[in-house]
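# just to be clear, the model below is a prediction. Sequence and coordinates:
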Amino acid sequence: MELWEALRRRTSVRSYSQEPVPSDVLERVLDSVLRAPSAGFTQGNEFLVISDPAEIAWFWATIDDPTNARTADDTALLAPVVVIPLAHKAAYLARYSAPDKQEFGLSDEEKWPVPFWYVDAGMASMCILLAAVDEGLGAWFFGFSEGEAAVLEHFGVPPQFRPAGAIALGYAAETDPLSVGSSARTRRRRTTDELTHRNGW
């Protein structure tokens, strides 16, 4: 698939058929992170992949908002795979403590202009989202509002890692009722001219 076609087709899919994602398809999607930018080629961020049916059911139940719990019909549409990009700040501070990077003074967290461990996790996430489109999958990047600590503990994630969000993956359902009312459907997409400032503001 051409890049621009993948970009045009990329959208947040919240409703999924329960068709399993073949292992070779999932591996190709995951391989995309190897091409993501990485400050200092740190390669410090890692990815928790949840695909076991029992574990994925536990995950969705754990992050459900108790004040707005999903119905059984909604639960039946949730993605069969979730990838959690995990930012690893310590890996970046260690990389920039190395002799070839010491001149930048970035062994001190306070000196980073922005936390690139999250920036890089976000760029790797975009690679996953585009690779999913290329493989014919639906995908959705979302943040935790409930259950983050429980998820990390349950899956044994070491304490130095912090989720940058989560990515749902699977084959899109024929319709997407879970996206009804989403911002992308209720707000106008801004144009390039509205978003860009050429040679000044």
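Yes, it's here.

# can you list the strands that the lengthiest strand in the chain pairs with?
When the chain is parsed with DSSP state E, its longest strand is strand 81-87. Paired neighbours of strand 81-87 in the sheet (DSSP bridges): strand 46-50 (antiparallel), strand 162-163 (antiparallel), strand 166-170 (antiparallel).

# now tabulate those in JSON lines and tack on distance to residue 1.
In short, each C-beta sits where N, CA and C put it, glycine included. Below are those laid out as JSON lines (distance: least, Cβ to Cβ, whole Å):
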{"stretch": "strand 46-50", "distance to residue 1": "23"}
{"stretch": "strand 162-163", "distance to residue 1": "29"}
{"stretch": "strand 166-170", "distance to residue 1": "17"}
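
# who's in contact with the longest strand of the chain?
In this structure, residues lying in contact with strand 81-87 by Cβ atoms under 8 Å, 6 or more residues apart in numbering are 21, 26, 30, 45-51, 56, 59, 115, 117-118, 120-122, 124-125, 128, 151, 157, 161-170.

# mind listing what's buried in the helix or strand just after that strand?
Next along the chain after strand 81-87, taking DSSP states H and E as the criterion, comes helix 89-95. Within helix 89-95, the residues that count as buried by 16 or more other Cβ atoms under 10 Å are 89, 91-93, 95.

# again with stretch 180-200
Within stretch 180-200, no residue counts as buried by 16+ other Cβ under 10 Å.

# can you check stretch 104-119 too?
Along stretch 104-119, these residues count as buried under the neighbour rule (16+ other Cβ under 10 Å): 106-107, 112, 116-119.

# can you show me the CA trace of the longest helix anywhere in the chain as PDB?
Longest among the helix segments of the chain by residue count, using DSSP state H, is helix 116-134. Presented in PDB, the C-alpha positions along helix 116-134 are these (Å, rounded to 0.1, in the frame of the first residue of the first chain):
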ATOM      1  CA  PHE A 116      11.900  12.100  24.300                       C
ATOM      2  CA  TRP A 117      11.100   8.700  25.900                       C
ATOM      3  CA  TYR A 118       7.500   9.700  25.400                       C
ATOM      4  CA  VAL A 119       8.100  11.300  22.000                       C
ATOM      5  CA  ASP A 120       9.800   8.200  20.700                       C
ATOM      6  CA  ALA A 121       7.000   6.000  22.100                       C
ATOM      7  CA  GLY A 122       4.500   8.100  20.300                       C
ATOM      8  CA  MET A 123       6.400   7.900  17.000                       C
ATOM      9  CA  ALA A 124       6.700   4.100  17.400                       C
ATOM     10  CA  SER A 125       2.900   4.000  18.100                       C
ATOM     11  CA  MET A 126       2.300   5.900  14.800                       C
ATOM     12  CA  CYS A 127       4.400   3.200  13.000                       C
ATOM     13  CA  ILE A 128       2.100   0.600  14.500                       C
ATOM     14  CA  LEU A 129      -1.000   2.400  13.500                       C
ATOM     15  CA  LEU A 130       0.100   2.800   9.800                       C
ATOM     16  CA  ALA A 131       1.400  -0.800   9.700                       C
ATOM     17  CA  ALA A 132      -2.000  -1.900  10.900                       C
ATOM     18  CA  VAL A 133      -3.700  -0.100   8.000                       C
ATOM     19  CA  ASP A 134      -1.300  -1.700   5.600                       C
END
